[in-house]
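Chemist: Fold the following for me, if possible:
(one chain, ligands or ions: 1)
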Amino acid sequence: MDSRPVGFFDSGLGGVSVLGEAVRLLPCERFIYFGDTAHIPYGDKPPQQVLAYTHAAVDKLVALGCKAIVIACNTATSVAAGVLRQELSMPIIGMEPALKPAELLPGEGYVLVLATRVTLSLPKFHQLMRSYGQHAVPVPCPGLMELVEAGVMDGPEVDALLQKLLRPYAGLRIKAVVLGCTHYPFLRRPIARYFGPGVALVDGNLGTVRQLQRRLAQEDLLSPGPGGDVTFLSSAPGAEAAMRRLLAAHAGIFASACP
Ligand code: DGL
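Modeler: Numbering: from 1, shown residues only. This is a model prediction of the structure:
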């Protein structure tokens, strides 16, 4: 048993979509969430730069006494998870586009993988494509995370960008769409509207939190409670308020209580 907090990290707001699942599934845990808002977007930056930012963020969470780290960012995981696991002995939970569950869904058609340019260009994703990419089509989505960061999560601006990014794939028969960036679950409604019924939208958030739960249990690090408190931190002054609002706005979906 260990009542120290779990550290969450993303380039900005996106990881709140993962944190929400964690708050719901692990109500006895305490959480510290750090969004590196000053350096968004990670997905269009050189990997070395993303590695340096991720190191700085994780060092901060470790210094704050976290017992485990969730890299709630597909881009940072692709760049840094391997290195961090060699350097630190605590559980490091990463993310990858949920291509496996999408590919295994029944039905026929292509699986579009929406993610950042960096995520789609690195060896981790190429490996995933070799294992589960028979029907996968990688779709880089520059601009989408910026809309989420600006608080624009539905409406004409989102629709216009989706039209532009997805037009090249309009003729394909599509079975599923992978939301391979943690910002994209906040755009679930306009993305579902764009594809229409019969196309599954798949994210890796719940799978990631279940993995966190397993690792905490294995290492005897689960908290006895009381939990439920979340501290938000950001590299851009004032950004914490948006993170807190976003979690609260989804509280109905995520709510749970520590027994
Ligand atoms: N939320 C991040 C991800 O899951 C990255 C967004 C960005 O900074 O470009 O990939």
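Chemist: only C-alpha atoms for contact and neighbour calcs from this point on.
Modeler: Fine.
Chemist: Spell out which parts of the stretch 51-200 of the chain neighbour the ligand.
Modeler: Proximity of the stretch 51-200 of the chain to the ligand, by CA under 6 Å from any ligand atom, involves residues 73-75, 116, 145, 181-183.
Chemist: Mind checking which of the residues you listed land in helices?
Modeler: 74-75, 145 (DSSP state H).
Chemist: which of these tops the neighbour count?
Modeler: In terms of neighbours by other CA atoms under 10 Å, those top out with residue 75 at 35 neighbours.
Chemist: Give the burial count for residue 202, as a bare number.
Modeler: 22.
Chemist: hang on, it packs against residue 182?
Modeler: No - using CA atoms under 8 Å, residue 202 is not in contact with residue 182, being 11.4 Å away.
Chemist: In contact with the closest residue in space to residue 22 that isn't next to it in sequence: list those residues for me.
Modeler: With CA to CA, 6 or more residues apart in numbering as the criterion, residue 22 has its nearest non-adjacent residue at 5.6 Å, and that residue is residue 209. Residue 209 sits next to 18, 21-22, 25 when contact means CA atoms under 8 Å, 6 or more residues apart in numbering.
Chemist: Pick the one among those residues closest to the ligand.
Modeler: residue 18 (9.8 Å; CA to the nearest ligand atom).
Chemist: ok, now which ones touch that closest one?
Modeler: 72, 182, 205-206, 208-209.
Chemist: give me the element it is part of.
Modeler: Using DSSP states H and E, residue 18 sits within helix 16-25.
Chemist: Centre of the chain to the following helix or strand past that helix, how far?
Modeler: Where DSSP H and E defines the elements, the next helix or strand beyond helix 16-25 is strand 31-35. If you compare the mean C-alpha spot of strand 31-35 with that of the full chain, they lie 13 Å apart, counting by CA atoms, centre = their mean, to the nearest Å.
Chemist: which helices and strands does strand 31-35 pack with?
Modeler: Contacts defined by 3 or more CA pairs under 8 Å, 6 or more residues apart in numbering; DSSP states H and E place strand 31-35 against strand 6-10, helix 47-63, strand 230-234.
Chemist: List the buried residues of the second one.
Modeler: So that's helix 47-63. For helix 47-63, the neighbour count (16 or more other CA atoms under 10 Å) marks 47, 50-51, 53-54, 57-58, 61-62 as buried.
Chemist: Packing partners of that helix?
Modeler: Against helix 47-63 (3+ CA pairs under 8 Å, 6+ apart) you get strand 6-10, strand 31-35, helix 74-87.
Chemist: Please name the strands paired to whichever helix or strand comes after the longest one in the sheet, noting orientation.
Modeler: Following the chain from helix 74-87 toward its C-terminal end, the next helix or strand by DSSP H and E is strand 92-93. Strand 92-93 has the following strand partners under DSSP bridges: strand 68-71 (parallel).
Chemist: Could you pull out the buried residues of the strand it pairs with?
Modeler: 68-71.
Chemist: Same check on stretch 18-31?
Modeler: 18-31.
Chemist: quick one on the thing from earlier: hmm, which two among the contacts of residue 18 are most spread apart?
Modeler: 182 and 209 (12.8 Å; CA to CA).
Chemist: before we move on, could you check phi and psi at the residue of the chain most remote from its centre?
Modeler: If you look at how far each residue of the chain sits from its centre, by CA atoms, centre = their mean, the farthest one is residue 171, at 28.6 Å. Here the main-chain torsion angles of residue 171 (degrees, to the nearest 10) amount to phi -80, psi -10.
Chemist: returning to that earlier point: roughly how far out does the helix or strand containing the residue nearest to residue 22 sit from the chain middle?
Modeler: Using DSSP H and E, residue 209 sits in helix 205-218. Put simply, helix 205-218 sits 14 Å off its chain's centre (CA atoms, centre = their mean).
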